[in-house]
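Q: Curious how this folds, go ahead:
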Amino acid sequence: MRVTAASIALLAAALNLGADARGDVREALAEGISGFATQNPDLVTAMFSQSCEDREAIISGVRALIAQADVSVSLTIPVDTGDESERRLTIDLFLEIKSREAAPRLVRRREVARVTWRREGRRWRIVAFDKPGLFAPAF
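A: Coordinates of the predicted model:
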């Protein structure tokens, strides 16, 4: 069997498709989550597809939460599977929600969410999120 540079490049590209999709989804997640730190709910809600069940409840929760509190988010991704068109992640999310009152209150939330991302055009969007109450207002 004869191996050429072109066949090696094709094989490398084929093996790298999942890695590119993985990186793209993680980049979309980081951009969306940054909306909490910057007090920009549009960045957070842009992650959710029109087809995502509970989308409206999630969006109203995110908007209300950001309006009433400073939110910091930490996360880890213990599971990330899929291909170049769909990724399934398990995300361990930890939120610290601090009210903006003179005597601030602090609420901590931790959930492990199963999230399905799908490529829609050139963007990755969440089509399934099993913890819609995670972003509900805290106060």
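
Q: hey, let's count contacts and neighbours off CA atoms from now on
A: Fine.

Q: Could I get the pLDDT score of the residue positioned nearest the centre of the chain?
A: For the chain, the residue nearest the mean C-alpha position is residue 29 (3.6 Å; CA atoms, centre = their mean). Model confidence at residue 29, given as pLDDT, is 98.

Q: One more: residue 12?
A: So, for residue 12, pLDDT stands at 42.

Q: re the thing from before, look up the closest residue to the residue nearest to the centre of the chain, ignoring the ones flanking it.
A: Nearest residue to residue 29 in three dimensions, chain neighbours excluded: residue 47, at 7.3 Å (CA to CA, 6 or more residues apart in numbering).

Q: Kindly report the same for residue 36.
A: Closest to residue 36 by CA to CA, 6+ apart is residue 71, at 5.7 Å.

Q: partners of the one you found in the sheet?
A: Partner residues in beta bridges with residue 71, using DSSP bridges, are residue 97.

Q: hang on, it packs against residue 97?
A: Yes - counting by CA atoms under 8 Å, residue 71 does reach residue 97; the two are 4.6 Å apart.

Q: more neighbours, the two?
A: Using other CA atoms under 10 Å as the criterion, residue 71 and residue 97 rank with residue 97 on top: 23 against 20.

Q: what's near enough to touch that one?
A: The contact partners of residue 97, by CA atoms under 8 Å, 6 or more residues apart in numbering, come to 69-72, 106-108, 138.

Q: 10 Å instead?
A: 65-66, 68-73, 104-109, 137-139 (CA atoms under 10 Å, 6 or more residues apart in numbering).

Q: repeat for residue 34
A: Contacts for residue 34 (CA under 10 Å, 6+ apart) come out as 28, 40-41, 43-44, 72-73.

Q: do residue 61 as well
A: Residues in contact with residue 61 (CA under 10 Å, 6+ apart) are 41, 45, 55, 67, 132-138.

Q: now it, what's its secondary structure?
A: helix (DSSP: H, G, I helix; E, B strand; the rest coil).

Q: so where is this protein shaky, pLDDT-wise?
A: 1-19 (pLDDT under 70).
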